[in-house]
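[1] pasting a predicted model and its sequence here:
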Amino acid sequence: MGLLEQCREAFGAGDLYQVLGVPRGASAEEIRRGYHKASLRVHPDRAEPAEKERATCHFQILGKVYAVLSDQEQRTLYDQQGVVDEESTVLSEDRNWEEYWKMIFKEVTLKDIEDFKKQYSDSTEEAEDIKTAYKNCKGNMDNIMTKVLCADYTDEPRIREIIQQAIDSGELPFYKAFAKESKQKMNARKRRAEKEAKEAEKAKEELGLHKDDDVKTLIQRRNENRKKEMDDFLAQMEAKYGNTSKKGGKKPSAKKGIK
């Protein structure tokens with residue numbers, strides 16, 4: 001399967017620029033940032049055990065997309081003819097895509113994420129991401145809150161205000177799911193988020209993790225402690241619903257993210 005077909009299957013988009021969320025005329029730095037942002041969403045180190053294989057596959061595809069668009073010759077070919085040279089050394093060589101990622105981006109720490117959130121919150125980029133999430137999710141706040149980078153339940157009032165202002169100005173369409181959301185659903189979302197936040201803090205205390213700990217180490221330690229529990233859970237689900245791991249079946253998934 002060629003790269004464009006892989007993109008359609010994994011991300012629902014056969015356009016390399018769309019996969020990275022950048023315009024066709026994007027600069028090299030914009031493409032790099034787009035790759036970084038997209039790859040963080042699917043990085044295998046952030047995936048729960050049940051989603052690791054899928055995340056790895058998507059991560060590898062994003063690496064190939066960036067490799068093509070960051071190579072001037074391959075990008076020109078794609079821009080002019082809409083095709084990817086699958087035989088080029090850019091894609092044909094046996095490459096470790098995780099090592100490739102590490103060569104481009106420095107190791108991410110919790111402090112990096114905190115610093116990024118400070119710059120990202122209330123920025124134009126965040127506002128545009130919120131509006132895009134609103135349209136893509138048809139106003140469903142449960143889904144919107146999972147799409148906005150670094151957002152937690154304390155950000156919801158601010159995010160709702162940004163959306164409401166855009167609706168009032170005519171920039172965004174009216175969706176009943178947003179405007180008529182019940183207080184009960186809002187409170188349920190808040191309780192879930194508060195519970196997850198408490199569990200995350202407890203887990204970090206139990207593991208002796210601090211803010212300068214590497215994110216990869218944090219996730220690896222957490223996954224090691226939870227692996228048996230997850231394996232037991234998946235075994236119980238398979239026994240109840242049959243083999244859900246086959247292609248086309250639904251797999252129970254755990255919530256992703258930095259805990």
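    Thanks, I have it.
[2] for Val148, list the residues it contacts.
    The contact partners of Val148, taken as CB atoms under 8 Å, 6 or more residues apart in numbering, are 126, 129-130, 133, 155, 159. Where you see a C-beta, it was placed from the backbone N, CA and C, and this is true even at glycine.
[3] and the helices in the chain?
    3-11, 16-20, 28-42, 52-69, 72-81, 89-92, 97-104, 110-120, 124-136, 141-147, 156-168, 176-179, 183-207, 215-241 (DSSP state H).
[4] so for Pro157, what's the pLDDT?
    On pLDDT, Pro157 comes in at 92.
[5] gap between it and Trp101?
    Pro157 sits 35 Å away from Trp101, going by CB to CB, to the nearest Å.
[6] who has more neighbours out of those two?
    Trp101 (20 against 8; other CB atoms under 10 Å).
[7] contacts only, for that one.
    39, 43, 59, 63.
[8] go again with 10 Å.
    35-36, 39-40, 43-44, 59-60, 62-63, 66 (CB atoms under 10 Å, 6 or more residues apart in numbering).
[9] list of residues touching stretch 11-28?
    Residues contacting stretch 11-28 (CB under 10 Å, 6+ apart): 2-8, 10, 30-39, 42, 58, 61-62, 64-66, 68-70, 72, 74-75, 78-79, 82, 84, 129, 132.
[10] buried subset of those residues?
    Among the contacts of stretch 11-28, those classed as buried by neighbour count (16 or more other CB atoms under 10 Å) are 3-4, 6-7, 10, 31-36, 38-39, 42, 58, 61-62, 64-66, 68-69, 74-75, 78, 84, 129.
[11] and the most centrally placed residue in the chain, how far from Lys190?
    The structure's the chain has its C-alpha centroid closest to Arg41; by CA atoms, centre = their mean the separation is 2.1 Å. Going from Arg41 to Lys190 by CB to CB gives 24 Å.
[12] please apply the same query to Asp71.
    47 Å.
[13] same deal with Gly14?
    Where Lys190 is concerned, Gly14 sits at a distance of 39 Å (CB to CB).
[14] neighbour count winner among the two?
    Between Gly14 and Lys190, counted using other CB under 10 Å, Gly14 has the larger neighbour count: 16 against 13.
[15] backbone dihedrals for that one, please?
    Per-residue torsions, Gly14: phi -100, psi 10 (degrees, to the nearest 10).
[16] which non-adjacent residue is nearest it?
    Nearest residue to Gly14, sequence neighbours excluded (CB to CB, 6 or more residues apart in numbering): Arg8, at 4.5 Å.
[17] cool, and Ala133?
    Lys147 (3.8 Å).
[18] so what's the residue count around the one you found?
    15.
[19] contacts only, for it.
    Per CB under 10 Å, 6+ apart, neighbours of Lys147: 41, 129-130, 132-134, 136-137.
[20] thought the residue nearest to the centre of the chain was touching Ala55?
    Yes: using CB atoms under 10 Å, Arg41 is in contact with Ala55, at 9.0 Å.
[21] so what's the residue count around Lys135?
    Lys135 has 15 nearby residues by other CB under 10 Å.
[22] roughly how far apart are it and Asp15?
    For Lys135, the distance to Asp15 (CB to CB) stands at 18 Å.
[23] again with Arg158
    Distance of Arg158 to Asp15, given as CB to CB: 32 Å.
[24] again, but for Leu40
    21 Å.
[25] now Val90
    18 Å.
[26] and which of the contacts of Trp101 is nearest to Phe178?
    The shortest gap between Phe178 and any of those belongs to Leu40, at 26.5 Å (CB to CB).
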